[in-house]
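J.: Got a predicted model here, sequence first, then my questions.
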Amino acid sequence: MRDVAILGVGQTKFGELWDRSFREIGIEAGLQALVDAKLSSADLDALFLGNMASGALIDQEHIAPLILDYAGLGRRHLPAVRVEGGGASGALALHQGYLAVASGLYDYVVVGGAEKLTDVPDATAAEITSSAADHEWEVVFGATLPGLWALIARRHMHDFGTTREQLAQVPVHDHAMGSKNPLAHFRNKLTLDQVLGAGAVAEPLGMLDCAPLSDGAAAVVLGPLEIARRHTDTPIRIAASHVACDTMALHHRKEITTLESTVFAAQRAFAHARRAPRDVKVAEVHDAYSISALVALEDLGFVEKGHAGPAFASGQFGPGGSVTVNPSGGLKAQGCPFGAVGVAQVVELVRQLRGEAKERQVAGADLALAHDVGGTGATSVVHLLERAA
Amino acid sequence: MQAGIVSYGAYVPRYRITPKEIGRVWGSDGEAMGQGLNVHRKSVPSPDEDTITISTEALRMALVRGAIDPQTIGAIYVGSESHPYAVKPSATVVAQAVGATPNLTAADFEFACKAGTAAIQTCLGLVGAEMIRYGVAIGTDTSQGAPGDALEYSASAGGAAFVIGRERVICRVLRTLSYTTDTPDFWRREGQKYPSHGGRFTGEPAYFRHVTECAHQVMDASGTTAKDYRHVVFHQPNGKFPQRVGKQLGFSEAQMRYGLVTPFIGNTYSGAALIGLANVLDRAGPGERILMVGYGSGAGSDGFDLETTDEIAQYDRSFGKPVQWYLDQGQELTYAVYAKFRGKIHMGDD
């Protein structure tokens, strides 16, 4: 297996992009990444595209060749593959792209993630995204993603004494970070009282505990590390890329306050890279709901199980803490276009490792972790990134 | 002489329901919903009221107040998105009811919430061209939101009629222009009982873009700024949108005060901006400048630069009720009676 580097990154603004089409944002992110990698589309060997539900959301399947075609590459006859894994689709596409370059089959690969969630009514989008849970055993009986995550939150509060206020710290933190991100869906800061006072979505989760429905696209260009310096002075090495899955339905899990898919993906990634959670200085973790972030920080090994609430409230994951979490603003503030999320996390971390994150820059960032989750944890993907020596 | 408003009348059904009562039935925090929308109550028509009866009430008031012989009316246009018939005009029934038939032209207009202002523009053209002596433009609706939908908290009933002519003009139309695009923010297909809408898409790219652009274009063409107007009236799908757009355009609370009626009667759709204008004219003396900008989904805005004349000092408003009376009074209904009145209860095989 060859070492794989990230040579270029690109991302559209996240938000309600009502005047832009799916193909338009997909192409914008991809072209930005190619330009950043000093590559032309003629150099490209393959495309992997993460997307959760284009068919239901925009009545368009078969989107990987669509993006290639409208990028002007329709007659190059390149391989283009769509990858789907619920909310983890983007990270899963990156895993596939990584394997493709590492195997030696392709040299230059674009990994994109794109989703257009706001072209359908909100209730329809909520229905469609809830299909990342088990339709036959959960969704049919009325469960939605926020409802299922609310069950996890309740149990976490019951087992570990996590408080409503500790949950509310997560969106406050995310919006403070997102306020410095020009691509973020939301750039307003939130107070604890605003989060606590927002209407309930699924108790104990309120409206401001939940990530928004966003449109957006992100892309990275991958290539073999050995030739990476032809393209960039600061190649970022993918130190590990691991995926783990779990039961689809929450009720089949031994316990619901732990996502074992995250535990296994993280353990494999740290073992592969011969690193430990304490080495990570900056991380983008899945925070579709406030509880998701707390559970993730525990399952990734940044804090002991059950202790994320008080640790978060103490500032351990804020600027200057042991690991700075979600400098982009996370899914909550940067936005949550499902298939684009996992790629956007990596775009942010590449900027952090290159030292290009401006106001958001985390000092001394040399090892970064990206963590993406599909549904309630049937799929988790963990990437470790580092500045190449 | 320039065409303008000669007389007007407004009518709002007597029944009201509160957002709190609607929310009680659907398990929502209706009070918070009402506060968010700035709608305290909405009007509800009786089972025997519809766009035709409301239009007729409003026009009768306008004709008596203006001492206008119905036989001198050359055109009646009824703007609404809730005409009782898909085929068969509301305007002919209204014309017959007020005694204006047979020597006139009549038609129904539909442009979501701005069909009434579009009818005013048409009448201005006919009157200005001296094809007719008086033209009547009416904006009325008895619209509904689907049960439990956000629209149900605001969709109400009411209307206003404006007589356009060249003689005894109480309010001159200094300028009117429109801003129109294909923007599908709200629609109801043939045969559908309740409208559909694009949620948050009805805001920025729809209402705010069209109203703002149209207002700017009217003021640019007239060489005016917000401070040149005593009153401003916007289309008001809820109480919040017009306040926000007014603030963005530089208007004060005082300028918006009388033109904003939706908080007290709900969104009367085609009637909304026109009832707001009637409320302003109820209080206006000579020489008061008024900016009115309507909005209809689908989408477009009609802007009007208006100014009251000396004639308004002699205008006899004694017949009928002032708009304020409709804003203050009303008999509150439970959701059950409201559901019966609005035909939401399934009565069997019909």
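T.: On my side now, so go ahead. Here the structure is a predicted model, which is why all the values come from computation and not from measurement.

J.: which parts of chain B sit against chain A?
T.: B:29, B:32, B:198-201, B:205 (C-beta under 8 Å from any C-beta of the partner chain). (Each C-beta comes from the backbone N, C-alpha and C, glycine too.)

J.: Give the buried subset of those residues as a ChimeraX selection command.
T.: Buried members of the residues of chain B next to chain A can be picked out in ChimeraX with the line below, counting by 16 or more other C-beta atoms under 10 Å in any protein chain shown:
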select /B:198,199,200,201,205
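
J.: Can you add distance to residue B:178 and pLDDT and give the residues of chain B next to chain A back as CSV?
T.: Shown next, in CSV, are those (distance: C-beta to C-beta, whole Å; pLDDT from 0 to 100):
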residue, distance to residue B:178, pLDDT
B:29, 38, 91
B:32, 36, 93
B:198, 22, 87
B:199, 26, 86
B:200, 25, 87
B:201, 21, 90
B:205, 18, 94
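
J.: For chain A, which segments are assigned as strands?
T.: Here chain A has its strands, by DSSP state E, at A:4-11, A:46-50, A:80-83, A:109-116, A:200-202, A:205-206, A:215-224, A:236-245, A:282-284, A:324-325, A:367-374, A:379-387.

J.: and residue B:217, which of these is closest to it?
T.: strand A:215-224 (30.1 Å; C-beta to C-beta).

J.: Just the CA atoms of that closest one, as PDB, please.
T.: Output in PDB follows, covering the C-alpha atoms of strand A:215-224 (Å, rounded to 0.1, in the frame of the first residue of the first chain):
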ATOM      1  CA  ASP A 215     -27.000  22.500   0.900                       C
ATOM      2  CA  GLY A 216     -23.300  22.300   0.200                       C
ATOM      3  CA  ALA A 217     -20.400  20.500  -1.400                       C
ATOM      4  CA  ALA A 218     -16.800  19.800  -0.500                       C
ATOM      5  CA  ALA A 219     -13.900  18.100  -2.300                       C
ATOM      6  CA  VAL A 220     -10.300  16.900  -1.900                       C
ATOM      7  CA  VAL A 221      -7.800  15.800  -4.400                       C
ATOM      8  CA  LEU A 222      -5.800  12.700  -3.400                       C
ATOM      9  CA  GLY A 223      -2.500  11.500  -4.800                       C
ATOM     10  CA  PRO A 224       0.500   9.300  -3.900                       C
END
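
J.: Please work out the angle formed by the directions of it and strand A:236-245.
T.: Angle of strand A:215-224 versus strand A:236-245, following axes from the mean of the first three to the mean of the last three C-alpha atoms, to 10 degrees, is 120 degrees.

J.: ok so, going back, would you mind finding the most buried of the strands of chain A?
T.: Using mean count of other C-beta atoms under 10 Å in any protein chain shown, the stretch among the strands of chain A with the largest mean neighbour count is strand A:109-116, at a mean of 32.

J.: Not counting its neighbours along the chain, what's nearest residue B:310?
T.: residue B:286 (4.6 Å; C-beta to C-beta, 6 or more residues apart in numbering or on different chains).

J.: Can I get the residues of chain B next to chain A in a markdown table including secondary structure?
T.: Shown next, in a markdown table, are those (DSSP: H, G, I helix; E, B strand; the rest coil):
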| residue | secondary structure |
| --- | --- |
| B:29 | coil |
| B:32 | helix |
| B:198 | coil |
| B:199 | helix |
| B:200 | helix |
| B:201 | helix |
| B:205 | helix |
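
J.: residue contacts, residue A:73?
T.: Listed by C-beta atoms under 8 Å, 6 or more residues apart in numbering or on different chains, the contact set of residue A:73 reads A:41, A:44.

J.: Tell me the confidence at it?
T.: What the model reports as pLDDT for residue A:73 is 92.

J.: what's the answer for residue B:150, then?
T.: 89.

J.: Out of the strands of chain A, flag the one nearest chain B.
T.: Closest of those to chain B is strand A:200-202, at 9.3 Å (criterion: C-beta to the nearest C-beta).

J.: Domains of the chain: list them as residue ranges, please.
T.: Just so you know, I chose chain A. Following automatic domain parsing, one gets these domains for chain A: A:4-122+A:214-230, A:132-212+A:237-387.

J.: my question was about chain B
T.: Domain segmentation of chain B under automatic domain parsing yields B:4-170+B:315-341, B:171-312.

J.: any chance of the ones you listed in TSV, with distance to residue A:288 too?
T.: Below are the domains of chain B laid out as TSV (distance: least, C-beta to C-beta, whole Å):
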stretch	distance to residue A:288
domain B:4-170+B:315-341	24
domain B:171-312	20
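
J.: Out of those, the one nearest residue A:293 is which?
T.: So among the domains of chain B, domain B:171-312 is nearest, using C-beta to C-beta, at 25.6 Å.
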